[in-house]
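Asks: the sequence isn't on hand, but the structure is:
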Ligand SMILES: Nc1ncnc2c1ncn2[C@@H]1O[C@H](COP(=O)(O)OP(=O)(O)OP(=O)(O)O)[C@@H](O)[C@H]1O
Ligand SMILES: [Mg+2]
């Protein structure tokens, strides 16, 4: 059974959403996969800008909507993917994802729904809800490494961690 640990954060501003990303970037380690869910304009790229800062990347993070994947150099390499235009997991191969996804550097994926079958089950899922002016952000660590990352982020941001109790 795969255990999950969940955090909730209400973000009133872009800066606040970036601070969540920054905490994730600070605690991320080689091979981590971070999935960002949410509608167009929910704040996925905004969160990634903070994450890049937490990883020590100097380059500006913009939406990889057309380039599909953008690489940034930091404490580790950041692979920033936008899968909105992909039809399925098979479309990851031409991007060279086999070489780094879940292996090398940190991989941040916008619109992960398109490629879920290709993603490791041990990861961090971040869902941004923009139905109100604030963003409701749910951070869910799945599997041993995902939960460890969620715990570190929760501690840093002073958030309560909800552990899923196995039956
Ligand atoms: N609390 C908030 N958190 C994040 N972004 C916010 C917030 N409030 C307002 N915004 C604004 O919402 C927009 C979010 O855009 P962003 O490009 O990050 O969305 P996205 O989820 O990556 O969209 P897409 O699916 O098109 O890539 C930005 O213009 C940002 O300034
Ligand atoms: Mg985006």
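Replies: In hand now; what should we look at? Keep in mind it's a predicted model, so treat the numbers as computed, not measured. Numbers count the residues shown, from 1 in each chain. Ligands and ions are numbered 1, 2, ... in the order given.
Asks: lowest average confidence, helix or strand, in the chain?
Replies: Lowest by mean pLDDT, DSSP states H and E among the helices and strands of the chain is strand 162-163, with a mean of 93.
Asks: residue 147 contacts residue 2, correct?
Replies: No: using CB atoms under 8 Å, residue 147 is not in contact with residue 2; the gap is 9.6 Å. C-betas here are computed from N, CA, C, even on glycine.
Asks: which one of these two has more residues nearby?
Replies: Neighbour count, other CB atoms under 10 Å: between residue 147 and residue 2, residue 147 has more, with 22 against 12.
Asks: coming back round to it: quick one: residues in contact with the least confident helix or strand of the chain.
Replies: 3, 5, 6, 7, 8 (CB atoms under 8 Å, 6 or more residues apart in numbering).
Asks: of those residues, buried ones?
Replies: Buried by 16 or more other CB atoms under 10 Å: 5, 6, 7, out of the contacts of strand 162-163.
Asks: hmm, residue 137 and the second one touching each other?
Replies: No: look at residue 6 against residue 137 with CB under 8 Å: they stay out of range, at 10.9 Å.
Asks: from the contact counts, what lies against the helix or strand where residue 6 lies?
Replies: In the assignment (DSSP states H and E), residue 6 maps to strand 4-11. Applying 3 or more CB pairs under 8 Å, 6 or more residues apart in numbering; DSSP states H and E, one finds that strand 4-11 makes contact with helix 14-27, strand 135-142, helix 143-157, strand 162-163.
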